[in-house]
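Chemist: Would you be able to build a 3D model of this:
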Amino acid sequence: MAWNLQITGPAQKEFQKLPAKDQARVKEALLAMQQDPFSGDIKRLKGEAAAWRRRVGITASSTISTLRST
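Modeler: Numbers count the residues shown, from 1 in each chain. Modelled structure (predicted):
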């Protein structure tokens, strides 16, 4: 199954506001998702057939990335 990582507009804006150290953590998590999309703190998104989010632990109120099957 092929996977497409989508970063929403609001998530991109929030990402840009993060300190460089936190941006590095998020980038690391995104790269890890390429190897194993289901590792880490993931949760299926409500109302989506095949979409998940992964928390990195920087902010509890935001989702940085969404993984969808294509």
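
Chemist: before we move on, what SS does Leu5 have?
Modeler: Here Leu5 takes the strand state, with states given by DSSP: H, G, I helix; E, B strand; the rest coil.

Chemist: got it, and Ala29?
Modeler: Under three-state DSSP, Ala29 comes out as helix.

Chemist: What of the one 4 residues further on?
Modeler: Applying three-state DSSP to Met33 yields a three-state assignment of helix.

Chemist: neighbours of it, just the number please.
Modeler: 19 (other C-beta atoms under 10 Å). In short, each C-beta sits where N, CA and C put it, glycine included.

Chemist: Tell me the spacing between it and Ile42.
Modeler: 9 Å (C-beta to C-beta, to the nearest Å).

Chemist: shaky segments in the protein?
Modeler: 1-2, 58-70 (pLDDT under 70).

Chemist: Can you list the residue ranges for strands in it?
Modeler: Assigned by DSSP state E, the chain shows strands spanning 3-6, 41-44, 51-55, 66-69.

Chemist: right, and these - which one's nearest Pro19?
Modeler: strand 51-55 (17.4 Å; C-beta to C-beta).

Chemist: ok, for Gly40, nearest residue in space, not its chain neighbours?
Modeler: Closest residue to Gly40 apart from its sequence neighbours, by C-beta to C-beta, 6 or more residues apart in numbering: Arg54 at 5.2 Å.

Chemist: I'd assumed Ser39 was in contact with Ala32.
Modeler: Yes: taking C-beta atoms under 8 Å as the definition, Ala32 is a contact partner of Ser39 at 6.3 Å.

Chemist: The two: which is more packed in?
Modeler: Using other C-beta under 10 Å as the criterion, Ala32 and Ser39 rank with Ala32 on top: 14 against 11.

Chemist: and that one, what is it in contact with?
Modeler: 39-40 (C-beta atoms under 8 Å, 6 or more residues apart in numbering).

Chemist: Same question for Gly40.
Modeler: Contacts for Gly40 (C-beta under 8 Å, 6+ apart) come out as 29, 32-33, 54-56.

Chemist: and which of those residues is nearest Glu14?
Modeler: Distances from Glu14 to the contacts of Gly40, taken as C-beta to C-beta, are shortest for Val56 (11.7 Å).
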